[in-house]
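Q: Next comes the sequence, and after it the predicted model I'd like to discuss.
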Amino acid sequence: MNAAMQKKNDVLLAILEGQPVIPVLKIDRLADAVPLARALVKGGLPAIEITLRTPDAIDAIRLVCEEVPEAIVGAGTILTSKDFSYAVAAGARFIVSPGITQELLDAASMSEVPFLPGAATPSEVMAAREEGYSLLKFFPAEQAGGAPFLKALSSPLASIRFCPTGGVSPKNVGDYLSLPNVICVGGSWVAPDKAIDAGDWDAIEALAREASGLKN
């Protein structure tokens with residue numbers, strides 16, 4: 001692994017090791033972005049993933065980076081090199097994709113911002129490993145085999161650590177975090193749509209505080 005790749009891996013490792021749950025956010029209203037981020041930070045979850053699933057996502061990333069400097073803002077659902085560039089320009093400090101393509105690998109290789117690509121099969125994990133990646137998103141976690149699948153990978157692919165996302169909830173988060181090859185999980189339950197729509201930032205802060213106390 002070259003020095004630049006090692007540096008990016010180290011940066012990403014520090015972010016993911018910092019908290020057991022990375023909130024996965026869908027921002028439907030730009031006005032919600034800053035108070036939502038502040039509530040999550042107050043609850044002990046400064047690293048957040050704003051997904052590019054809504055028209056305001058890039059603006060939300062930019063706004064949170066400007067207004068909530070204590071937040072560590074990542075961009076998720078990155079599907080193309082153009083998405084990658086827009087997210088980095090907006091201030092994203094890490095990039096997350098549901099999968100892995102050569103286009104994204106090329107974009108990541110030319111950027112100083114660390115990349116967390118997704119993988120759901122042993123072959124995808126091995127392909128990412130060959131490119132120098134030791135930290136991967138496991139997506140969609142529950143649908144792709146869940147905690148038992150990741151446990152089965154922990155011996156033959158012991159050098160890889162995962163952030164499982166997709167179907168992770170308070171009911172099963174302990175199953176994932178107990179695994180030696182799981183560094184953290186991605187979850188949307190800490191910022192439910194109902195609480196965001198109601199502007200109930202205290203409720204979200206409480207959910208974040210509960211999640212931040214989980215063992216990883």
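A: Structure received.

Q: For this protein, give me the ranges with low pLDDT.
A: 216 (pLDDT under 70).

Q: tell me the strands in it, going along the chain?
A: With DSSP state E, the ranges of strands along the chain come out as 21-25, 47-51, 72-76, 94-96, 115-116, 118-119, 135-138, 161-164, 185-187.

Q: can I get the CA coordinates of the second one in CSV?
A: So that's strand 47-51. Once non-C-alpha atoms are left out, strand 47-51 reads as follows in CSV (Å, rounded to 0.1, in the frame of the first residue of the first chain):
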residue,chain,number,x,y,z
ALA,A,47,-19.5,11.8,12.4
ILE,A,48,-22.5,11.8,10.1
GLU,A,49,-23.3,10.6,6.6
ILE,A,50,-25.5,12.8,4.5
THR,A,51,-26.8,10.7,1.6
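
Q: returning to what we had before: residue 211: which of the strands of the chain is closest?
A: For those, proximity to residue 211 was assessed by C-beta to C-beta; strand 21-25 is nearest, at 4.2 Å. For every residue, glycine as well, the C-beta is placed using N, CA and C.

Q: any residues touching the closest one, and which ones?
A: In this structure, residues lying in contact with strand 21-25 by C-beta atoms under 8 Å, 6 or more residues apart in numbering are 16, 36, 40, 45, 47-51, 74, 76, 163, 165, 173, 184-188, 190-191, 208, 211-212, 214.

Q: What are the buried residues along stretch 37-54?
A: For stretch 37-54, a neighbour-count test (16 or more other C-beta atoms under 10 Å) marks 37-52, 54 as buried.

Q: before we move on, what about stretch 90-104?
A: Using 16+ other C-beta under 10 Å, the residues of stretch 90-104 that count as buried are 90-98, 100, 104.

Q: Tabulate these in a markdown table, adding columns for distance to residue 129.
A: As requested, those are arranged in a markdown table below (distance: C-beta to C-beta, whole Å):
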| residue | distance to residue 129 |
| --- | --- |
| 90 | 29 |
| 91 | 29 |
| 92 | 24 |
| 93 | 24 |
| 94 | 19 |
| 95 | 18 |
| 96 | 18 |
| 97 | 16 |
| 98 | 18 |
| 100 | 11 |
| 104 | 16 |
